[in-house]
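*Asks:* Attaching a predicted model along with its sequence, questions to come.
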Protein chains: 2
Amino acid sequence: MSTQKYKTGKIRERNNENILSAAEQEFVLHGFKGTSMQAIADRAGVPKANIHYYFKNKANLYRTLLQNVLTVWNEELAEISPDSDPATVLERFIRTKVRLSYTHPNASKIFAMEIIQGAPYLKDHISVDMRQWVKEKTAIFQTWIDQGKMRPVDPTHLIFLIWSSTQHYADFETQVLEVTNKRKYEEEDIVRIGDFLADLILTGCGLKKD
Amino acid sequence: MSTQKYKTGKIRERNNENILSAAEQEFVLHGFKGTSMQAIADRAGVPKANIHYYFKNKANLYRTLLQNVLTVWNEELAEISPDSDPATVLERFIRTKVRLSYTHPNASKIFAMEIIQGAPYLKDHISVDMRQWVKEKTAIFQTWIDQGKMRPVDPTHLIFLIWSSTQHYADFETQVLEVTNKRKYEEEDIVRIGDFLADLILTGCGLKKD
DNA sequence: GTCTATATCCGGATAGAC
DNA sequence: GTCTATCCGGATATAGAC
């Protein structure tokens, strides 16, 4: 800082972003242990030693990325109130998660691999924050069920269903694109996926007219 | 073979199984690149050099495991005929996949990580066999829709929904157990999950009475 | 703050004794 | 067929010149 030669850390900021972006891609491709600092450095276009200077070590860099994932998801997922209309809330929830799979596929993939491998860096977050989040949301779903506003489906598994079916389009992108013979998702694909999932799940919950 | 000292490869067979089982666990925990042959050897209780003697190299061992996954899935997933009852077929498909997530969680996890990382070893299988499998099944779903036997939902995305929602209980086992505050799945959990998914998806497809 | 050079250790794979 | 010893490239991390 005292010897800062450039205008207010602009270079540092850019380097930071480059490194985080490069790390994200490498961690998706090879997992935490399988990713080398050298590969991240090469992709980011900086010397390997700089990454250690910025992030201390590999685990710290990885934790920063995981934290970013959780932040994005928290910011985008609107609040749910028991007074809201169930169909509206569920549909917006589903469509938001589908869109996040489209806009932040790597975030979803890193999170998925972390969980699959036993959540060594996220176990605390899951057993505290995430459990609390699910508890609050299922309570609201349950009041709707008690009021006869929706079919009596298990609220916890409903959340798992929405999580899994939406994140699938990010995590299993390769499989989806190969099976449907596409090169990449288009805006219209995302709309159609949202249409399909909202329609089927809302119908399954007894929240559709027809 | 010529210098075989033990009864007809019994030891070799046991070693093979030990190595495969150990490798499965290590690959789930650390991914392909992140897994070391030494760790597999330690877990299997054999010298590292033996694994190279049995499987030549790491990629070969990994490919063997992937092949086992595909074999298990193919064996267990019953055939679907257009003359069958849609509700019966879909419910059996869902419950079979839920049970496979319970009985073979590591198989599902290795497959999931392989796909998330871009399917470097399975791309061919996906773009040929899997695409063909989906093509056949969606054609059958479509005839049911044309005959008015089920609601007009997109058959391809219906398959993705069933895949994602069922495999979720294997791949995201850690998250599901932490959120629901359980130590491990019990037989009754599997039945309840099957009940929930069959009920919601069949209702969503218009295949339920009430 | 940045980057080169290096220390130290671990990776996959194999040679060769048994 | 089994296992010890070893090769050698690549891993994380840091020391120290600039």
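*Replies:* Nice, I can see it.
*Asks:* Just the buried residues of the strand or helix carrying A:Glu136, please?
*Replies:* Here A:Glu136, judged by DSSP states H and E, is contained in helix A:131-146. Across helix A:131-146, burial judged by 16 or more other C-beta atoms under 10 Å in any protein chain shown covers A:134, A:137-138, A:140-142, A:144-145. No exception for glycine: its C-beta is placed from N, CA and C like everyone else's.
*Asks:* what does stretch A:44-54 give?
*Replies:* Buried-residue list, stretch A:44-54, by 16+ other C-beta under 10 Å: A:44, A:46, A:51, A:54.
*Asks:* roughly how far is it from the heart of the chain?
*Replies:* Its chain's average C-alpha position is 26 Å from that of stretch A:44-54, according to C-alpha atoms, centre = their mean, to the nearest Å.
*Asks:* which among the buried residues of stretch A:44-54 are in contact with DNA strand C?
*Replies:* By C-beta under 7 Å from any atom of the strand, the members of the buried residues of stretch A:44-54 lying near DNA strand C are A:46, A:54.
*Asks:* returning to what we had before: list every C-alpha atom in the helix holding A:Glu136, with coordinates, as CSV.
*Replies:* The C-alpha atoms that make up helix A:131-146 are tabulated as CSV, following Å, rounded to 0.1, in the frame of the first residue of the first chain:
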residue,chain,number,x,y,z
ARG,A,131,-30.8,-26.1,7.7
GLN,A,132,-32.3,-23.0,9.2
TRP,A,133,-33.3,-21.7,5.8
VAL,A,134,-35.0,-24.9,4.9
LYS,A,135,-36.8,-24.9,8.3
GLU,A,136,-38.2,-21.5,7.7
LYS,A,137,-39.4,-22.2,4.2
THR,A,138,-40.9,-25.6,5.0
ALA,A,139,-42.9,-24.0,7.8
ILE,A,140,-44.4,-21.6,5.3
PHE,A,141,-45.2,-24.4,2.9
GLN,A,142,-46.8,-26.3,5.7
THR,A,143,-49.2,-23.4,6.6
TRP,A,144,-50.2,-23.3,3.0
ILE,A,145,-51.0,-27.0,3.1
ASP,A,146,-52.8,-26.6,6.4
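*Asks:* Show me what it is packed up against.
*Replies:* With contacts taken as 3 or more C-beta pairs under 8 Å, 6 or more residues apart in numbering or on different chains; DSSP states H and E, helix A:131-146 sits against helix A:155-171, helix B:173-180.
*Asks:* Just want the angle from the shortest one to helix A:131-146.
*Replies:* To tie it back to what came earlier, the one meant is helix B:173-180. 70 degrees (axes from the mean of the first three to the mean of the last three C-alpha atoms, to 10 degrees).
*Asks:* Give me the residues contacting helix B:173-180.
*Replies:* Contacts to helix B:173-180, defined as C-beta atoms under 8 Å, 6 or more residues apart in numbering or on different chains, come from residues A:115-116, A:118-119, A:123, A:126-127, A:130-131, A:134, A:156, A:160, B:105, B:168-169, B:183-185.
*Asks:* Show me which positions of that helix end up buried.
*Replies:* B:173-179.
*Asks:* Only C-alpha atoms, please: export that helix in PDB.
*Replies:* C-alpha atoms of helix B:173-180 as PDB (Å, rounded to 0.1, in the frame of the first residue of the first chain):
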ATOM      1  CA  GLU B 173     -26.400 -37.200   0.300                       C
ATOM      2  CA  THR B 174     -24.300 -35.000   2.600                       C
ATOM      3  CA  GLN B 175     -26.500 -32.000   2.200                       C
ATOM      4  CA  VAL B 176     -29.800 -34.000   2.500                       C
ATOM      5  CA  LEU B 177     -28.600 -35.700   5.700                       C
ATOM      6  CA  GLU B 178     -27.300 -32.500   7.300                       C
ATOM      7  CA  VAL B 179     -30.400 -30.500   6.500                       C
ATOM      8  CA  THR B 180     -32.700 -33.300   7.700                       C
END
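*Asks:* any idea which helix or strand comes after it?
*Replies:* Helix B:173-180 is succeeded, C-terminally, by helix B:187-204 (DSSP H and E).
*Asks:* which residues sit against that next one?
*Replies:* Residues contacting helix B:187-204 (C-beta under 8 Å, 6+ apart): A:151, A:153-154, A:157-158, A:161, A:199-201, A:203-206, B:87, B:90-91, B:94-95, B:98-99, B:102, B:151, B:153, B:158, B:161-162, B:165-166, B:169, B:182, B:208.
*Asks:* And the pLDDT at A:Glu79?
*Replies:* With respect to pLDDT, A:Glu79 scores 80.
*Asks:* Work out for me the element the closest residue to DNA strand C within chain A sits within.
*Replies:* Going by C-beta to the nearest atom of the strand, DNA strand C is nearest to A:Ala49 of chain A, at 3.2 Å. Assigned by DSSP H and E, A:Ala49 belongs to helix A:48-55.
*Asks:* one step back: buried ones among the contacts of helix B:187-204?
*Replies:* Taking 16+ other C-beta under 10 Å as the criterion, what is buried in these is A:151, A:153-154, A:157-158, A:161, A:199-201, A:203-206, B:87, B:90-91, B:94-95, B:98-99, B:102, B:151, B:153, B:158, B:161-162, B:165-166, B:169.
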